[in-house]
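Student: pasting the sequence and the predicted model now:
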Amino acid sequence: MISNIIDQEIKKAMLAKNDAQLRGLRAIKAALLLAKTEKGASEEITEETELKILQKLIKQRRESADIYKQQNREDLYKVEEEEIEVINQFLPKQLGREEVAAIIEGVIKQSGATSVKDMGKVMGMANKELAGKADGKLIAEIVKEKLA
């Protein structure tokens, strides 16, 4: 479980006085604690849920970084990029475009999808198959290409 590792990493970052690492780790810990204490949440968070939370954190930071870049705020952009780097350490290795495309082709064959109308069904299966291993935007882009 990621939450156990995070506490140890926070201690290491504090001792090393690594502010960027510490910021990213604290963001992860806060998001995991929030998920645990959410109304209706079960006592333990599954590894799949942890991965989704980390992906959400990265997506939020990417969006913020893009905005900061457009506004020429290099200082804030740099902070977001540093946190993305830290969070990425706890995600499985991201697959390349070709690997994702190959998996999606298999999912399309398995589902029997033939047109863009079947995109929802394929996306559901592909997201399950590629959970934590690929960005949702990339998955959607490739599914759309393959079904067009």
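Tutor: Now that the structure is in, tell me what you want to look at.

Student: contacts, neighbours, all on C-alpha from now
Tutor: OK.

Student: just the strands in this structure please.
Tutor: Applying DSSP state E to the chain gives no strands.

Student: check it for its longest helix and report it.
Tutor: Secondary structure of the chain per DSSP state H: the longest helix is helix 47-70.

Student: so which other helices or strands are in contact with that helix?
Tutor: Counting contacts by 3 or more C-alpha pairs under 8 Å, 6 or more residues apart in numbering; DSSP states H and E, helix 47-70 packs against helix 19-37, helix 74-88.

Student: dump those to CSV, plus mean neighbour count and mean pLDDT.
Tutor: Compiled in CSV, these are given as follows (neighbours: other C-alpha atoms under 10 Å; pLDDT from 0 to 100):
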stretch, mean neighbour count, mean pLDDT
helix 19-37, 17, 91
helix 74-88, 17, 94
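
Student: export those to CSV and tack on distance to Lys109?
Tutor: Below are the helices and strands packed on helix 47-70 laid out as CSV (distance: least, C-alpha to C-alpha, whole Å):
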stretch, distance to Lys109
helix 19-37, 36
helix 74-88, 31
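
Student: out of those, which is closest to Gly112?
Tutor: Proximity to Gly112, assessed across those by C-alpha to C-alpha, is greatest for helix 74-88 (33.9 Å).

Student: do you know how far the residue nearest the centre of the chain is from Asn88?
Tutor: Most central in the chain under C-alpha atoms, centre = their mean is Gln55, positioned 1.7 Å from the mean C-alpha point. As for Gln55, its distance to Asn88 is 9 Å (criterion: C-alpha to C-alpha, to the nearest Å).

Student: before we move on, what about Val107?
Tutor: Separation of Val107 from Asn88 (C-alpha to C-alpha): 26 Å.
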